[in-house]
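[1] Could you look at this predicted model? Sequence included:
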Amino acid sequence: MATQGQVITCKAAVAWEANKPLLIEEVQVAPPQAGEVRVKILFTALCHTDAYTWSGKDPEGLFPCILGHEAAGIVESVGEGVTEVQPGDHVIPCYQAECRECKFCKSGKTNLCGKVRAATGVGVMMNDRKSRFSVKGASIYHFMGTSTFSEYTVVHDVSVAKIDPKAPLEKVCLLGCGVPTGLGAVWNTAKVEAGSIVAVFGLGTVGLAVAEGAKTAGASRIIGIDIDSKKFEIAKNFGVTEFVNPKDHDKPIQQVIVDLTDGGVDYSFECIGNVSIMRAALECCHKGWGTSVIVGVAASGQEISTRPFQLVTGRVWKGTAFGGFKSRSQVPWLVEKYMKKEIKVDEYITHNLTLAEINEAFDLMHEGGCLRCVLKVHG
Ligand SMILES: NC(=O)C1=CN([C@@H]2O[C@H](COP(=O)(O)OP(=O)(O)OC[C@H]3O[C@@H](n4cnc5c(N)ncnc54)[C@H](OP(=O)(O)O)[C@@H]3O)[C@@H](O)[C@H]2O)C=CC1
Ligand SMILES: N[C@@H](CCC(=O)N[C@@H](CSC=O)C(=O)NCC(=O)O)C(=O)O
Ligand SMILES: [Zn+2]
Ligand SMILES: [Zn+2]
């Protein structure tokens, strides 16, 4: 292949500073080293976590960087020792790696992987602790080990899932983050049983995927809570059976939910990233068994609190990363489920733009009508 082993110059959206508009730059992307894969990104969506890091509130946020972690593309070239993917394979980059060798992977208790996390948290590659991106000689940090707001990116081989080449990349890019996170929070982390009463706080993509997961798990009631009543109509399509807008009530929202459910819900999910709502989500759970799962990502310095009595009396607080899914093993399975129409994906895509329009796409995220905006990255 003509580009193999060569530096590729291409377009990428660079976040030079927190909160400053992203700039489309000519970026040099170095060839993949041992254990690395260079991917031509065809489509990327925006997730709220990109906005969070861009805002400057992420303690791991480094600038300048190339954000983006919910995408799909085609392998352009591979470094030495890479055996599981080859040029031409269709792939989804995975910010949650899966090496199958580290103590996390072998534990059978978690989907977290320790192989490359120390490097991805500081915006570099494991091999030489350097970035593969530069602009006019200045190094640009990677983000979450994926950096998909670029025409080409370099990822670790443990951070890439090979998928069915027949899958439409402009849709299945969503299986890189938000949809699996919501489904997996229900199926893997909470393990919701049929007949359960479920509360979902925040009806963005992640919260709606929680609702979808709860519906397929056979939940009897799925209560959606959001401050924007316009979300309620669309939420019905994802399985939400009842809606509560905290603005319509004088009582604390946890009391409203407890009163609605004869003592509290079996499972609750916080899909916003607001520590006060995390408390409410725990405290609306039923005494003795109610379990609350934290999905939302809260800003640096924010901490959760509740009376320990809430836990003493049987409520359980959990959290989830990528919905507990083992990325390389299970993302291809999620793609197959989508192809068989067993899970929704298209329904979460409300907007389509191009990489050049990325700042408009971020603006859309803050408007009520946007779930996921998919960017066409090339041409
Ligand atoms: N743990 C993990 O692995 C992952 C975590 N995340 C995190 O999950 C969260 C959700 O992501 P995403 O769905 O993309 O985000 P969205 O912003 O699309 O969804 C959040 C929703 O919550 C609403 N909301 C805001 N404040 C409140 C409130 N006080 N009470 C009720 N609803 C409220 C928002 O309304 P409005 O739009 O009007 O503000 C919005 O509808 C984010 O924190 C994200 O970083 C995402 C992916 C993976
Ligand atoms: N750098 C952030 C960490 C944010 C975070 O918790 N990320 C989630 C994925 S969010 C995707 O949209 C995650 O998987 N966490 C596990 C991990 O190892 O990062 C911060 O410090 O707040
Ligand atoms: Zn995400
Ligand atoms: Zn591992």
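    That came through fine. In this text, all values refer to a predicted model and were calculated from it rather than measured experimentally. Residues are numbered from 1 along each chain as shown. Ligands and ions are numbered 1, 2, ... in the order given.

[2] what about the residue of the stretch 201-350 of the chain found nearest ligand 4, how many neighbours?
    In the stretch 201-350 of the chain, the residue that lies nearest ligand 4 is residue 326 (9.5 Å; C-beta to the ion). C-beta: built from backbone N, CA, C; applies to glycine. For residue 326, the neighbour count with other C-beta atoms under 10 Å is 21.

[3] Go ahead and confirm it touches residue 110.
    No. Look at residue 326 against residue 110 with C-beta atoms under 8 Å: they stay out of range, at 9.3 Å.

[4] separation between the closest residue to ligand 2 within the stretch 251-379 of the chain and ligand 1?
    For the stretch 251-379 of the chain and ligand 2, the shortest gap (C-beta to the nearest ligand atom) falls at residue 321, measuring 3.3 Å. Here the criterion is C-beta to the nearest ligand atom, to the nearest Å. By it, residue 321 lies 4 Å from ligand 1.

[5] same check, this time on residue 319
    In terms of C-beta to the nearest ligand atom, residue 319 sits 7 Å off from ligand 1.

[6] what's near enough to touch that residue?
    189, 293, 294, 295 (C-beta atoms under 8 Å, 6 or more residues apart in numbering).

[7] Identify the farthest-apart pair in the residues you listed.
    189 and 294 (9.7 Å; C-beta to C-beta).

[8] Show me which residues of the stretch 151-300 of the chain sit near ligand 3.
    residue 177 (C-beta under 5 Å from the ion).

[9] just for this protein, where's the confidence low?
    Counting by pLDDT under 70, the chain shows low-confidence ranges at 1.

[10] interface residues of it facing ligand 2?
    Contact residues (C-beta under 6 Å from any ligand atom) of the chain with ligand 2: 47, 49, 58, 59, 60, 96, 112, 117, 177, 297, 321, 322.

[11] On the three-state scheme, the second one is what?
    Right, residue 49. helix (DSSP: H, G, I helix; E, B strand; the rest coil).

[12] what's near enough to touch the closest residue to it other than its chain neighbours?
    Spatial nearest neighbour of residue 49, chain neighbours left out: residue 297 (5.7 Å); criterion: C-beta to C-beta, 6 or more residues apart in numbering. Contacts for residue 297 were tallied using C-beta under 8 Å, 6+ apart; they are 48, 49, 52, 273.

[13] neighbour-wise, which of those residues leads?
    residue 49 (22 neighbours).

[14] Pretty sure it sits against residue 181.
    No. Counting by C-beta under 8 Å, residue 49 does not reach residue 181; the two are 9.6 Å apart.

[15] Now do the shared contacts for these two.
    Joint contacts of residue 49 and residue 181 (C-beta under 8 Å, 6+ apart) do not exist.

[16] Now for the closest residue to ligand 1 within the stretch 51-200 of the chain: which residues touch it?
    For the stretch 51-200 of the chain and ligand 1, the shortest gap (C-beta to the nearest ligand atom) falls at residue 181, measuring 3.9 Å. Counting by C-beta under 8 Å, 6+ apart, residue 181 makes contact with 206, 209, 295, 320, 321, 322, 323.

[17] Repeat that for residue 229.
    243, 245.

[18] can you tell me how far it sits from residue 26?
    45 Å (C-beta to C-beta, to the nearest Å).

[19] which residue is nearest the centroid of the chain?
    Centroid check for the chain by C-alpha atoms, centre = their mean gives residue 177 as the closest residue, at 3.0 Å.

[20] can I assume that residue is in contact with residue 48?
    No. At 9.6 Å, residue 177 does not count as touching residue 48 under the criterion of C-beta under 8 Å.

[21] picking up where we left off before, return the residues in contact with the residue of the stretch 201-350 of the chain closest to ligand 4.
    So residue 326 contacts 98, 105, 111 (C-beta under 8 Å, 6+ apart).

[22] Residue 310 too?
    Contacts of residue 310 by C-beta under 8 Å, 6+ apart are 282, 283.

[23] would you say it is within a helix?
    Yes. Counting by three-state DSSP, residue 310 is located in a helix.

[24] What strand or helix carries residue 56?
    Following DSSP states H and E, one finds residue 56 outside all helices and strands.

[25] How about residue 329?
    helix 327-339.

[26] So residue 371 is in contact with residue 205, correct?
    Yes. Using C-beta under 8 Å, residue 371 makes contact with residue 205 at a distance of 4.9 Å.

[27] Spit out the residues that contact those two alike.
    Joint contacts of residue 371 and residue 205 (C-beta under 8 Å, 6+ apart) are residue 348.

[28] between the two, which one's more packed in?
    residue 205 (27 against 24).

[29] Assess the claim that that one and residue 176 are in contact.
    No. In this structure, residue 205 is not within contact of residue 176 by C-beta under 8 Å, at 11.8 Å.

[30] could you check the distance from residue 222 over to residue 266?
    Applying C-beta to C-beta, the value for residue 222 to residue 266 is 11 Å.

[31] ok, which stretches of the stretch 251-379 of the chain are helices?
    253-260, 275-283, 308-312, 327-339, 358-365 (DSSP state H, counting those that start in this stretch).

[32] Dihedrals phi and psi, residue 297?
    Backbone torsions of residue 297, given as degrees, to the nearest 10, read phi -100, psi 120.

[33] excluding its backbone neighbours, what's nearest residue 346?
    Residue 346's closest residue in space is residue 171 (C-beta to C-beta, 6+ apart), at 5.7 Å.

[34] Go through the residues of the stretch 101-250 of the chain and report the one nearest to ligand 2.
    For the stretch 101-250 of the chain, C-beta to the nearest ligand atom, closest residue to ligand 2: residue 177, 4.9 Å.

[35] Distance check, the closest residue to ligand 1 within the stretch 251-379 of the chain against residue 114.
    For the stretch 251-379 of the chain and ligand 1, the shortest gap (C-beta to the nearest ligand atom) falls at residue 273, measuring 2.9 Å. Distance, residue 273 to residue 114, using C-beta to C-beta: 25 Å.
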